[in-house]
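Trainee: The sequence isn't on hand, but the structure is:
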């Protein structure tokens, strides 16, 4: 009896442990079954959706930019113009349209006009923008109403170029407010013919370009200056550097990427200058075609329905713009690396 009781006592804990193991095993199996029933979240391919959202942009670009560009290249090799009421062409002539532009037209003269007026507007634009950006980002000056001034200098950029040209045409007319004020102040005895002189007409166009774009350039340069690490300026001040040394040795080298962007975009816009001189000179490019730009020359070919010459001029303008933009970018980036 004693041995039977002792055996029972030894067997009962073993049975209980087996029962516990079965219970735990059952619970584990139920938990696994429940977990298997829970759906795992699907993996979202953000790259795929990125390409999908780019489809509208590429569709619009293809219809309104890429296809017209290819057709322009195509028609530049054809003779296609209106002669009275009769349409001549399209007839394949190879490079004849390009040869005529360089030999019979005033392409080089109009390119020179365009570049001169762009430089006249861009030089004061970049100088004033650098000065204003340095002022607005200098925390030591503690300037007040900076938000108001930023808004004011940017507002001319929101005005349509045609409205700007009409305003200047009215202000600087022979009997306009500017001439009347100068004569009333005794500075001139007779009205100044601004539109009749080369320097006067070009200066007005350059001034309009300057006023329209210096605010935008200032905002871009401010963004670049605010992105420079303040520790660099503090270290230079500790070393005894003057404000000019800090500006020329730290600010300007680090601003070269922004400066490259500003110069390239400004150059592209300058080569496409059209609305301001077109309205100010009534499409004549006067005096003596000294304000005639490349796009005004292109517009004259389109107006006369000489599509072959217009296409060839568009191709040349595309090549000039691309070459000058690459040149400016390479020069600035090479200076940055050195």
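Mentor: It's in. These figures come from a predicted structure and were not determined experimentally. Residues are numbered from 1 along each chain as shown.
Trainee: the domain parsing of this structure - what is it?
Mentor: Domain assignment of the chain by automatic domain parsing yields the ranges 1-36, 46-92, 102-337.
Trainee: Sketch out the low-pLDDT regions of this structure for me.
Mentor: Residues of the chain that meet the criterion pLDDT under 70 lie in 1-45, 85, 335-338.
Trainee: for residue 115, what are its contacts?
Mentor: Residues in contact with residue 115 (C-beta atoms under 8 Å, 6 or more residues apart in numbering) are 270, 271. (Glycine included, C-beta is placed from N, CA and C.)
Trainee: Check the domains of the chain for me and report the most buried one.
Mentor: domain 102-337 (a mean of 16; mean count of other C-beta atoms under 10 Å).
Trainee: Please give the element, helix or strand, for residue 167.
Mentor: Assessed by DSSP states H and E, residue 167 sits inside helix 161-171.
Trainee: Run through who's touching that helix.
Mentor: For helix 161-171, the external contacting residues (C-beta under 8 Å, 6+ apart) are 156, 176-178, 204, 207-208, 211-212, 275-276, 278-280.
Trainee: Same question for stretch 322-329.
Mentor: By C-beta under 8 Å, 6+ apart, the list of residues contacting stretch 322-329 from outside reads 260, 263, 264, 267, 268, 271.
Trainee: Format those residues as CSV; extra columns: secondary structure and distance to residue 246.
Mentor: Below are the contacts of stretch 322-329 laid out as CSV (DSSP: H, G, I helix; E, B strand; the rest coil; distance: C-beta to C-beta, whole Å):
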residue, secondary structure, distance to residue 246
260, helix, 21
263, helix, 23
264, helix, 27
267, helix, 29
268, helix, 32
271, helix, 35
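Trainee: which one of those is nearest residue 172?
Mentor: Distance to residue 172, by C-beta to C-beta, is smallest for residue 271 among the contacts of stretch 322-329, at 25.0 Å.
Trainee: Nearest spatial neighbour of that closest one, chain-adjacent residues omitted?
Mentor: residue 321 (5.2 Å; C-beta to C-beta, 6 or more residues apart in numbering).
Trainee: Who are the contact partners of that neighbour?
Mentor: 267, 268, 271, 272.
Trainee: Ok, residue 271 next?
Mentor: 114, 115, 118, 294, 295, 317, 320, 321, 324.
Trainee: How about the secondary structure of residue 297?
Mentor: What DSSP: H, G, I helix; E, B strand; the rest coil gives for residue 297 is helix.
Trainee: circling back to that earlier point, out of the contacts of residue 271, the closest to residue 229 would be?
Mentor: residue 324 (32.8 Å).
Trainee: could you give the angle of the helix or strand just after the helix holding residue 167 to helix 161-171?
Mentor: Going down the chain from helix 161-171, the next helix or strand is helix 177-184, by DSSP H and E. On the basis of axes from the mean of the first three to the mean of the last three C-alpha atoms, to 10 degrees, helix 177-184 is oriented at 20 degrees to helix 161-171.
Trainee: Could you tell me the angle between the following helix or strand past helix 177-184 and helix 161-171?
Mentor: Sequence order places helix 198-226 as the next helix or strand after helix 177-184, per DSSP H and E. Orientation check (the same axes, to 10 degrees): helix 198-226 against helix 161-171 gives 130 degrees.
Trainee: Following helix 198-226 in sequence, what is the next regular element?
Mentor: Using DSSP H and E, the helix or strand that directly follows helix 198-226 along the chain is helix 230-238.
Trainee: Can you name the next helix or strand after that following helix?
Mentor: Sequence order places helix 243-246 as the next helix or strand after helix 230-238, per DSSP H and E.
Trainee: which residues sit against that next one?
Mentor: Against helix 243-246 from outside (C-beta under 8 Å, 6+ apart): 233, 236, 237.
Trainee: can you pull the contacts of the first one?
Mentor: Contacts for residue 233 were tallied using C-beta under 8 Å, 6+ apart; they are 246, 250.
Trainee: separation between it and residue 139?
Mentor: 10 Å (C-beta to C-beta, to the nearest Å).
Trainee: Nearest the middle, which residue of this protein would you pick?
Mentor: Note on the chain: the residue nearest the mean C-alpha position is residue 265, at 5.3 Å, using C-alpha atoms, centre = their mean.
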